[in-house]
Structure formats: structure tokens, C-alpha cells
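Student: Please find the sequence and the predicted model below.
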Amino acid sequence: MSILSIFDAANTAETAATAASITSSNASPGASSVVAGAAPGAVTEGVTGGVTRAEAADRPLPAVVGADLLVPLADGRQVPYANLDYAASAPCLEPVRAAVAEALPAYSSVHRGAGYASRLTTARYERARHTVRAFAGARPGDAVVFTRNTTDAMNLLARCLPEGTTVVVFDSEHHASLLPWSRAVRLAPPPSPGEAVRAADRALAEIDGPKLLVVTAASNVTGELWPIAALAHVAHERGARIAVDAAQYAPHRRLAVAALDLDYVAFSGHKLYAPFGAGALVGRPDWLAQAEPYLRGGGATRNVADEVEWSADPEQRHEAGTPNVLGAIALAAACEALTATGWTPIVRHEERLTARLRAGLPEGVRELALWGPDHPRIGVVSFTVAGHPAREVAEILSTEYGIGVRDGRFCAHPFVRALLGEDGDCADGTGAAVRASIGIGTTEEHIDRLITALHDIVRR
Ligand code: PMP
């Protein structure tokens with residue numbers, strides 16, 4: 001057996017096993033409440049591998065790198081870091097670090113090398129593509145293009161739209177999903193999920209020619225889950241496609257591209273516990289295969305003479321140059337680790353801590369929400385503090401309590417403006433807010449420290 005066939009055999013077996021375990025948890029998403037828009041707390045998963053639901057809920061969460069990080073305070077003390085900034089970038093999972101460490105000794109070029117290391121690295125890179133496809137719950141023929149991040153994935157999709165495509169997008173989107181389109185209809189943030197569906201339906205009905213609805217699955221400002229299944233339905237009824245920004249959703253809920261009938265999803269490794277610079281665009285291959293290559297260069301070509309013949313394969317076509325192999329391997333390792341853990345314990349952990357934080361917020365702290373406090377959300381809590389600018393609050397939290405949060409407008413200026421009010425209705429008058437965000441490594445102590453700190457700040 002040649003070296004390559006050994007790799008192929010090992011790779012196929014591993015890939016099949018991974019895909020089987022991932023798709024088994026994606027098998028009946030309609031029956032699971034961890035998909036978008038589901039009621040909080042009502043998490044269900046099938047019984048897999050002889051593990052009961054109760055046992056699955058107790059399965060330990062993977063460890064994060066840096067859980068014991070010490071940070072200096074203004075008074076010279078050092079305290080364990082309370083990372084409440086997962087929505088910006090999540091820490092690396094230990095299994096992700098291990099996968100990268102395992103891949104490094106054989107790290108080599110992919111696709112064109114004849115050497116052992118190059119073939120092994122190529123096998124790992126292409127296996128990562130299968131894993132990411134399965135993690136997304138995508139259709140077998142869907143393309144997985146490795147990108148730098150969600151911003152890159154959405155810009156790639158923008159370049160692949162058929163000529164004359166009109167994009168419908170809500171003003172509540174992150175700039176990555178709001179700005180890449182050359183022809184867009186922008187809708188005001190809708191007052192309810194039902195109105196989101198009706199507004200999208202009305203806007204799409206008025207458009208002739210190719211059309212695409214772009215929407216986030218979970219807001220990076222409020223954490224609220226969007227009704228993506230219903231939005232996919234109206235998009236298709238109107239002859240449009242739907243692209244979902246899953247940057248915030250993918251690390252916290254199970255993606256189900258095929259079952260929800262989504263055409264494209266985009267997400268980022270660094271928010272998915274794999275901070276090695278890779279993201280992905282997953283979805284229907286036809287527009288990608290017909291578009292101009294995203295980058296012109298080696299790897300995207302079939303033959304170059306006076307004329308250039310570009311690869312018809314949508315993945316090769318848009319991955320010119322040497323790809324971020326370790327980033328892709330890391331992203332796939334994170335997908336595997338999350339899938340092996342199961343969504344039930346992850347969602348339970350995050351919902352418990354989010355509820356604890358919200359219940360403990362003192363008077364004078366105003367939470368941001370588009371659809372009210374009870375709408376299902378991931379572990380994102382954005383707020384303003386009466387009489388204290390967001391920047392000041394974030395700095396106090398960092399320098400006096402060792403807590404990391406984000407402050408500002410979260411690359412969603414129109415949305416934050418709409419939530420706070422055009423005329424500085426915001427409590428601090430700066431048009432900015434503070435965001436605490438929760439993930440796998442968050443502890444009760446982190447949450448309690450934030451609550452204590454906010455009680456202290458509102459009294460100042
Ligand atoms: N969409 C959403 C909802 C986000 O939260 C972010 C990151 N804050 C992005 C897109 C952009 O992600 P990236 O910076 O990884 O491109």
C-alpha cells in the first residue's frame with residue numbers, strides 16, 4: 001500500500017467516524033430545542049453511544065487554555081483573570097492546542113507536495129474540511145471554503161453573488177454582515193421576531209432578480225436568537241437565498257444548515273475556541289464555482305498559459321495561495337471537541353450563568369434588548385450604567401477587579417444607536433455600552449465578581 005493510500009484509508013475512516021458522530025447529533029434538529037429560537041432551558045438531545053440524557057447533561061466541559069491566568073490590578077495585586085469577553089474572542093480549548101501541537105511536527109505545504117509531511121498535512125487539512133462541514137450540519141455537496149474569519153467569509157460571498165443580486169439586511173447586523181454588499185436594502189431593527197419575518201418577506205417580495213437575505217443567528221450586541229428557520233422559509237418562498245452570520249451562534253448552539261434549509265453560514269475560529277486565524281464559509285457550491293476567484297494566484301488555477309483556466313472546484317477556486325492549515329486544523333479540532341461534549345451541558349452551563357448575572361444586576365444598570373428580557377439568547381449581556389461612561393466602567397472592571405469585558409458599539413453602530421436612542425438617550429451619554437459575554441471557561445466566581453463590582457460602581 002502506498003503512503004498516500006495509507007493516509008487516505010486512515011483519513012477516510014477517521015473522517016467517516018467524525019462525520020457519523022457529528023451528523024448523528026445533527027440528525028433530527030427539528031426535534032431538538034437547541035436550534036435557533038428555542039425556549040431557554042428546554043435543551044434536549046438524543047441518546048448517543050449508550051449515554052442517557054441526564055448523563056450527557058453532566059458531561060464535563062473541555063478545559064480552556066489560560067484558565068489560571070493572573071492579571072495585575074492598579075493596586076499592585078495579582079488576581080485570576082475573569083474573562084467575560086467570549087463574544088469578542090474565546091480562549092483556546094485544550095483539545096485544540098493538543099491538535100495543533102500534534103500537527104506541528106509534520107507541518108508542511110498542502111496539495112502540491114510529494115513528501116510524507118506534505119501528504120500527511122494535506123490529509124489533515126482536507127479532513128478538517130469534512131469535520132467543519134459535518135459540524136455545520138451541511139448538505140454533503142456543500143462547499144467549505146476556509147477564510148480568515150466571518151468578515152472574510154461574508155466578503156467572499158459578496159464577491160460570488162450573481163450579477164444584479166439585491167441583498168436584504170437588517171440594520172441590527174454586525175458590520176461584517178451589514179457592509180460587504182454593493183446593492184443592499186437595509187431594514188430597521190424589527191420590534192419582534194414575527195415582524196422580522198414579515199419585514200423580510202415584504203422587502204424580498206418587492207425585489208426582482210437574484211436576491212439574498214443576510215441575517216445573524218445570534219446578535220453580538222444583545223445575544224438574542226433570531227428566527228432563522230422562519231426567515232429561511234420566507235426567503236425561499238420569495239425565490240431568494242439566505243446567508244446566516246453564525247459568528248456568535250456557532251460556539252453556543254448546534255448549527256443545522258441542511259435541516260434549517262440555510263444556503264450559507266459563516267463563522268470564525270477565534271470565537272469558536274480555535275484562535276489560529278481561520279474561519280469558514282459553508283454552503284451551496286454553485287454561486288461559488290461560477291464567480292471570479294476571490295484571490296488570483298497559485299492553487300486556484302487548473303492551467304495557466306496566455307489564458308488562465310481557473311479551477312471549477314469552489315473550494316480551490318477561492319483558496320489561492322498557501323492556506324492557513326493550522327487554523328483549519330484548529331477549527332476542526334474545536335468542532336470535534338464541542339460535538340464530543342454535546343450541546344446540552346454547554347447550553348445548560350451558559351444559561352445558568354447568564355441567568356445568575358442578569359438576576360444580580362443592580363439598579364442603575366440598564367440591559368440592552370431588542371425583543372425584551374425573556375427572548376431566548378446566548379450568554380451575552382450588554383448594558384449601560386447610569387452616570388458612568390461605558391469606557392470608565394470597563395476600565396474599573398479591569399484595573400480594580402481583573403475582569404475583562406468589551407465596551408463600545410461592538411461593530412454594530414446602527415444597532416447600538418437604535419437601542420440607545422439617537423439623541424444620547426443612553427444613560428452615559430456616549431452612545432456606547434458594556435458587554436459581558438459567557439462561554440465554556442466562565443465560572444460562578446467570575447459572574448459574582450462582576451455583580452459585586454457593578455454594585456460598587458453604581459454607588460460611586
Ligand atoms: N458577526 C458577528 C455577529 C460578530 O459578533 C462578529 C465579531 N464580533 C463578526 C461577525 C465578525 O467576526 P470576525 O471579526 O471574526 O470577522
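Tutor: Looks like it came in fine.

Student: Could you state which residue of this structure sits nearest its centroid?
Tutor: residue 247 (2.2 Å; Cα atoms, centre = their mean).

Student: ok, it - contacts?
Tutor: By Cβ atoms under 8 Å, 6 or more residues apart in numbering, the contact list for residue 247 reads 149, 150, 174, 176, 216, 220, 266, 267, 268, 271. Every residue, glycine included, has its C-beta placed from N, CA and C.

Student: just checking, which of those belong to strands?
Tutor: Judged by DSSP state E, strands contain the following of the contacts of residue 247: 216, 266, 267, 268.

Student: Which strand residues bridge the last one?
Tutor: Each beta-bridge partner of residue 268 is listed here: residue 279, as defined by DSSP bridges.

Student: again, but for the first one
Tutor: Using DSSP bridges, the beta-bridge partners of residue 216 come out as residue 245.

Student: Would you tell me what helix or strand the residue nearest to the centre of the chain is located in?
Tutor: Using DSSP states H and E, residue 247 falls within no helix or strand.

Student: which non-adjacent residue is nearest it?
Tutor: Take residue 247 and drop its neighbours on the chain: the residue closest to it by Cβ to Cβ, 6 or more residues apart in numbering is residue 150, 4.1 Å away.

Student: The one you found: how many residues sit nearby?
Tutor: Neighbourhood size, residue 150 [other Cβ atoms under 10 Å]: 27.

Student: what's the answer for the one 3 residues further on, then?
Tutor: Around residue 153 there are 30 other residues, counting by other Cβ under 10 Å.

Student: what does the strand or helix carrying it contact?
Tutor: Following DSSP H and E, one finds residue 153 within helix 150-160. With contacts defined as Cβ under 8 Å, 6+ apart, helix 150-160 is touched by 145, 147, 167, 174, 176-177, 180-182, 214, 243, 245-247, 264, 266-268, 271, 279-281, 283, 287-288, 290-292, 294, 318.

Student: Any part of the very next helix or strand once past that helix near the ligand?
Tutor: The helix or strand immediately downstream of helix 150-160 is strand 166-170, counting by DSSP H and E. No: interface with the ligand: strand 166-170 contributes nothing (Cβ under 6 Å from any ligand atom), its closest point being 11.9 Å away.

Student: Just checking: what are the partner strands of strand 166-170?
Tutor: Counting by DSSP bridges, the strands paired with strand 166-170 are strand 184-187 (parallel), strand 211-216 (parallel).

Student: how about those strands, which one is nearest the ligand?
Tutor: Comparison of those against the ligand by Cβ to the nearest ligand atom identifies strand 211-216 as nearest, at 4.9 Å.

Student: Going along the chain from the closest one, find the next helix or strand for me.
Tutor: helix 228-237.

Student: Just the angle for that next one relative to strand 166-170, thanks.
Tutor: For helix 228-237 against strand 166-170, the angle by axes from the mean of the first three to the mean of the last three Cα atoms, to 10 degrees is 160 degrees.

Student: What are the buried residues along helix 228-237?
Tutor: By neighbour count on 16 or more other Cβ atoms under 10 Å, the buried set for helix 228-237 is 228, 229, 230, 231, 232, 233, 234, 235.

Student: Start and end of stretch 366-374, how far apart?
Tutor: In terms of Cα to Cα, to the nearest Å, the two terminal residues of stretch 366-374 are separated by 15 Å.

Student: Run through who's touching that stretch.
Tutor: Stretch 366-374 is contacted from outside by 172, 189-193, 219, 221-222, 224, 358, 361, 375, 381-386, 416, 419-420, 427, 433, using Cβ under 8 Å, 6+ apart.

Student: How about the residues of this protein by the ligand?
Tutor: Proximity of the chain to the ligand, by Cβ under 6 Å from any ligand atom, involves residues 149-151, 174, 176-177, 216, 220, 245, 247-248, 268, 270, 411.

Student: sorry, back to before: give me the distance between the helix holding residue 153 and the centre of its chain.
Tutor: Taking Cα atoms, centre = their mean, to the nearest Å, the mean C-alpha location of helix 150-160 is offset from the chain mean by 15 Å.

Student: what is the orientation angle of it with strand 211-216?
Tutor: Using the same axes, to 10 degrees, helix 150-160 lies at 180 degrees relative to strand 211-216.

Student: quick one: terminal-to-terminal distance for stretch 136-154?
Tutor: For stretch 136-154, the first-to-last residue distance is 16 Å (Cα to Cα).

Student: swap that for stretch 242-258, please
Tutor: End to end - Cα to Cα - stretch 242-258 spans 12 Å.

Student: Buried residues, that stretch. List them.
Tutor: Buried-residue list, stretch 242-258, by 16+ other Cβ under 10 Å: 242-258.

Student: again, but for stretch 327-346
Tutor: Of all the residues in stretch 327-346, those buried under the rule 16+ other Cβ under 10 Å are 327-339, 341-346.

Student: Among those, which lie within helices?
Tutor: Among those, DSSP state H puts 327-339, 341, 343-346 in helices.
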